[in-house]
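A.B. asks: Got a sequence here, can you build the structure:
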Amino acid sequence: MHRVALLDDHPAVLAGLRRLIDAEPDLAVVAAATTAQEVAQQLDGMRTDVLVADYDLGPSDGLAHSLRAKRRAEAPAIVIYSAYGGPALILAARAAGADAIVDKAEPVGRLLTTIRGVAASRRILPAVPRHAFEAAVSRLEDEDLAVFAMLLDGASAPAIAEALRTSQEEIHRRAQRIVGRLRPARSSSFGELAVGTGSAPLSRRS
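C.D. replies: Below is the predicted model of the structure:
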(Lines give C-alpha, C1' and ligand atoms only; values in the text may rest on other atoms or scores of the structure.)
Protein backbone atom coordinates (compact mmCIF):
# COMPACT_ATOMS: atom_id res chain seq x y z
CA MET A 1 0.00 0.00 0.00
CA HIS A 2 1.45 3.35 -1.09
CA ARG A 3 0.73 6.24 1.31
CA VAL A 4 -0.08 9.51 -0.46
CA ALA A 5 -0.27 13.07 0.86
CA LEU A 6 -2.06 15.82 -1.07
CA LEU A 7 -1.30 19.55 -1.02
CA ASP A 8 -3.56 21.88 -3.03
CA ASP A 9 -5.07 25.23 -2.12
CA HIS A 10 -8.43 24.35 -3.69
CA PRO A 11 -10.60 22.22 -1.34
CA ALA A 12 -12.64 20.87 -4.25
CA VAL A 13 -9.49 19.53 -5.92
CA LEU A 14 -8.42 17.90 -2.66
CA ALA A 15 -11.81 16.25 -2.21
CA GLY A 16 -11.86 14.96 -5.77
CA LEU A 17 -8.31 13.64 -5.66
CA ARG A 18 -8.87 11.97 -2.31
CA ARG A 19 -11.95 10.17 -3.55
CA LEU A 20 -10.24 8.96 -6.71
CA ILE A 21 -6.99 7.87 -5.07
CA ASP A 22 -8.67 6.14 -2.13
CA ALA A 23 -10.72 4.12 -4.61
CA GLU A 24 -7.50 2.41 -5.76
CA PRO A 25 -6.72 -0.79 -3.82
CA ASP A 26 -2.97 -0.10 -3.63
CA LEU A 27 -3.13 3.62 -2.74
CA ALA A 28 -4.24 5.41 0.42
CA VAL A 29 -4.45 9.14 1.15
CA VAL A 30 -2.97 9.71 4.61
CA ALA A 31 -3.11 13.53 4.55
CA ALA A 32 -4.86 16.14 2.42
CA ALA A 33 -4.75 19.88 3.11
CA THR A 34 -4.47 23.34 1.59
CA THR A 35 -1.20 24.21 3.38
CA ALA A 36 2.04 22.36 4.11
CA GLN A 37 1.56 23.04 7.82
CA GLU A 38 -1.81 21.28 7.79
CA VAL A 39 -0.34 18.33 5.89
CA ALA A 40 2.44 18.02 8.50
CA GLN A 41 -0.10 18.17 11.34
CA GLN A 42 -2.20 15.43 9.78
CA LEU A 43 0.83 13.23 9.22
CA ASP A 44 2.01 13.82 12.82
CA GLY A 45 5.42 12.34 12.10
CA MET A 46 4.13 9.49 9.94
CA ARG A 47 6.15 8.89 6.80
CA THR A 48 4.42 9.22 3.44
CA ASP A 49 5.59 7.62 0.19
CA VAL A 50 4.38 10.27 -2.25
CA LEU A 51 3.46 13.95 -1.93
CA VAL A 52 1.27 15.32 -4.72
CA ALA A 53 1.65 19.10 -4.60
CA ASP A 54 -0.01 21.79 -6.68
CA TYR A 55 2.48 24.16 -8.31
CA ASP A 56 0.55 27.36 -7.54
CA LEU A 57 -0.17 27.52 -3.81
CA GLY A 58 -0.94 31.20 -3.36
CA PRO A 59 2.02 32.72 -1.51
CA SER A 60 4.12 29.60 -2.08
CA ASP A 61 4.50 26.86 -4.68
CA GLY A 62 5.12 23.15 -5.02
CA LEU A 63 8.77 23.66 -5.96
CA ALA A 64 9.54 25.31 -2.62
CA HIS A 65 7.94 22.38 -0.81
CA SER A 66 9.92 19.93 -2.94
CA LEU A 67 13.18 21.68 -2.04
CA ARG A 68 12.34 21.46 1.65
CA ALA A 69 11.05 17.88 1.57
CA LYS A 70 14.10 16.58 -0.26
CA ARG A 71 16.36 17.77 2.54
CA ARG A 72 14.92 15.09 4.81
CA ALA A 73 16.66 11.73 5.21
CA GLU A 74 13.54 9.77 4.20
CA ALA A 75 12.03 12.22 1.74
CA PRO A 76 8.83 11.30 -0.08
CA ALA A 77 8.64 11.15 -3.83
CA ILE A 78 7.27 14.47 -5.14
CA VAL A 79 4.70 14.86 -7.91
CA ILE A 80 4.08 18.43 -9.07
CA TYR A 81 0.45 18.59 -10.18
CA SER A 82 0.13 21.68 -12.33
CA ALA A 83 -1.99 23.58 -14.81
CA TYR A 84 1.15 25.32 -16.09
CA GLY A 85 3.33 22.63 -17.67
CA GLY A 86 5.97 23.53 -20.21
CA PRO A 87 9.77 23.29 -20.35
CA ALA A 88 10.40 26.03 -17.77
CA LEU A 89 8.49 24.19 -15.05
CA ILE A 90 10.04 20.85 -16.01
CA LEU A 91 13.57 22.21 -15.59
CA ALA A 92 12.71 24.01 -12.36
CA ALA A 93 11.05 20.87 -11.00
CA ARG A 94 14.11 18.77 -11.81
CA ALA A 95 16.32 21.31 -10.03
CA ALA A 96 13.95 21.25 -7.03
CA GLY A 97 14.27 17.47 -6.74
CA ALA A 98 10.73 16.68 -7.89
CA ASP A 99 10.22 13.18 -9.24
CA ALA A 100 7.40 13.86 -11.69
CA ILE A 101 5.09 16.46 -13.20
CA VAL A 102 1.50 15.80 -14.18
CA ASP A 103 -0.57 18.35 -16.07
CA LYS A 104 -4.02 18.91 -14.58
CA ALA A 105 -5.52 18.61 -18.05
CA GLU A 106 -4.32 14.99 -18.29
CA PRO A 107 -6.73 12.10 -17.59
CA VAL A 108 -6.70 11.13 -13.93
CA GLY A 109 -5.30 7.73 -14.89
CA ARG A 110 -2.05 9.48 -15.74
CA LEU A 111 -1.77 10.83 -12.20
CA LEU A 112 -2.47 7.41 -10.67
CA THR A 113 0.13 5.76 -12.89
CA THR A 114 2.64 8.46 -12.01
CA ILE A 115 2.04 8.04 -8.27
CA ARG A 116 2.75 4.33 -8.59
CA GLY A 117 5.83 5.02 -10.70
CA VAL A 118 7.47 7.48 -8.32
CA ALA A 119 6.59 5.26 -5.35
CA ALA A 120 8.71 2.64 -7.10
CA SER A 121 11.63 5.12 -7.21
CA ARG A 122 11.22 6.15 -10.84
CA ARG A 123 11.61 9.74 -12.04
CA ILE A 124 8.98 10.68 -14.61
CA LEU A 125 10.10 14.02 -16.01
CA PRO A 126 10.07 14.61 -19.76
CA ALA A 127 13.02 15.93 -21.71
CA VAL A 128 12.96 19.57 -22.81
CA PRO A 129 13.91 21.06 -26.19
CA ARG A 130 17.50 22.22 -26.55
CA HIS A 131 16.48 25.85 -27.02
CA ALA A 132 14.53 25.77 -23.74
CA PHE A 133 17.52 24.27 -21.92
CA GLU A 134 19.84 26.92 -23.35
CA ALA A 135 17.41 29.69 -22.36
CA ALA A 136 17.34 28.31 -18.81
CA VAL A 137 21.13 28.12 -18.61
CA SER A 138 21.40 31.74 -19.72
CA ARG A 139 19.45 32.81 -16.61
CA LEU A 140 21.83 31.10 -14.18
CA GLU A 141 25.02 32.27 -12.53
CA ASP A 142 28.17 30.65 -13.94
CA GLU A 143 29.02 29.23 -10.52
CA ASP A 144 25.65 27.43 -10.43
CA LEU A 145 25.98 25.60 -13.75
CA ALA A 146 27.79 22.56 -12.35
CA VAL A 147 25.22 22.25 -9.56
CA PHE A 148 22.38 22.59 -12.07
CA ALA A 149 23.85 19.85 -14.27
CA MET A 150 24.13 17.45 -11.34
CA LEU A 151 20.62 18.28 -10.13
CA LEU A 152 19.28 17.46 -13.60
CA ASP A 153 21.01 14.09 -13.33
CA GLY A 154 19.22 13.45 -10.05
CA ALA A 155 22.29 13.73 -7.82
CA SER A 156 21.65 14.24 -4.11
CA ALA A 157 22.84 17.28 -2.17
CA PRO A 158 25.43 15.21 -0.25
CA ALA A 159 26.81 13.80 -3.50
CA ILE A 160 27.01 17.24 -5.12
CA ALA A 161 28.62 18.74 -2.02
CA GLU A 162 31.25 16.00 -2.02
CA ALA A 163 31.94 16.39 -5.75
CA LEU A 164 32.34 20.17 -5.45
CA ARG A 165 34.09 20.03 -2.07
CA THR A 166 31.63 22.31 -0.37
CA SER A 167 28.92 22.03 2.28
CA GLN A 168 25.46 20.62 1.85
CA GLU A 169 24.04 23.92 3.09
CA GLU A 170 25.83 25.68 0.23
CA ILE A 171 24.31 23.23 -2.25
CA HIS A 172 20.85 23.78 -0.79
CA ARG A 173 21.37 27.54 -1.08
CA ARG A 174 22.41 27.26 -4.70
CA ALA A 175 19.53 24.91 -5.52
CA GLN A 176 17.09 27.48 -4.11
CA ARG A 177 18.71 30.19 -6.21
CA ILE A 178 18.58 28.03 -9.34
CA VAL A 179 14.91 27.19 -8.83
CA GLY A 180 14.17 30.86 -8.17
CA ARG A 181 15.71 31.81 -11.52
CA LEU A 182 13.92 29.06 -13.44
CA ARG A 183 10.42 28.87 -11.95
CA PRO A 184 7.71 30.17 -14.30
CA ALA A 185 5.40 32.97 -13.23
CA ARG A 186 2.30 31.93 -11.34
CA SER A 187 -1.21 33.34 -11.75
CA SER A 188 -4.23 33.21 -9.47
CA SER A 189 -6.76 33.56 -12.29
CA PHE A 190 -8.07 30.19 -13.38
CA GLY A 191 -11.20 28.97 -15.05
CA GLU A 192 -13.82 26.79 -13.46
CA LEU A 193 -12.62 23.71 -11.64
CA ALA A 194 -13.45 20.33 -13.13
CA VAL A 195 -12.75 17.20 -11.14
CA GLY A 196 -13.11 14.19 -13.38
CA THR A 197 -13.29 10.44 -13.02
CA GLY A 198 -12.25 7.64 -15.30
CA SER A 199 -10.70 9.16 -18.41
CA ALA A 200 -11.83 12.72 -17.68
CA PRO A 201 -9.24 15.33 -16.71
CA LEU A 202 -8.63 16.83 -13.33
CA SER A 203 -8.07 20.43 -14.32
CA ARG A 204 -8.28 24.05 -13.23
CA ARG A 205 -7.97 25.32 -16.76
CA SER A 206 -10.81 27.15 -18.39
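
A.B. asks: CA atoms for contacts and neighbours, from now on please.
C.D. replies: OK.

A.B. asks: quick one: the biggest helix by length in the chain to chain centroid distance?
C.D. replies: Looking across the chain with DSSP state H, the single longest helix is helix 168-182. Centroid displacement of helix 168-182 relative to its chain, using CA atoms, centre = their mean, to the nearest Å, is 16 Å.

A.B. asks: pLDDT of that helix, averaged?
C.D. replies: Across helix 168-182, pLDDT averages out at 95.

A.B. asks: Enumerate the positions of it that are buried.
C.D. replies: Under the neighbour-count criterion of 16 or more other CA atoms under 10 Å, helix 168-182 has 168, 171-172, 174-176, 178-182 buried.

A.B. asks: now swap in stretch 31-49 and tell me
C.D. replies: For stretch 31-49, by 16+ other CA under 10 Å, it's 31-36, 39, 48-49.

A.B. asks: Please work out which helix or strand belonging to this structure has the smallest mean pLDDT.
C.D. replies: Every helix and strand of the chain was ranked by mean pLDDT, DSSP states H and E. The lowest is strand 60-61, at a mean of 83.

A.B. asks: which is the next helix or strand following the helix or strand I101 falls within?
C.D. replies: Per DSSP states H and E: I101 is located in strand 100-103. From strand 100-103 onward toward the C-terminus, using DSSP H and E, the following helix or strand is helix 108-119.

A.B. asks: immediately after that next one, which helix or strand?
C.D. replies: Under the assignment DSSP H and E, the closest C-terminal helix or strand after helix 108-119 is helix 130-138.
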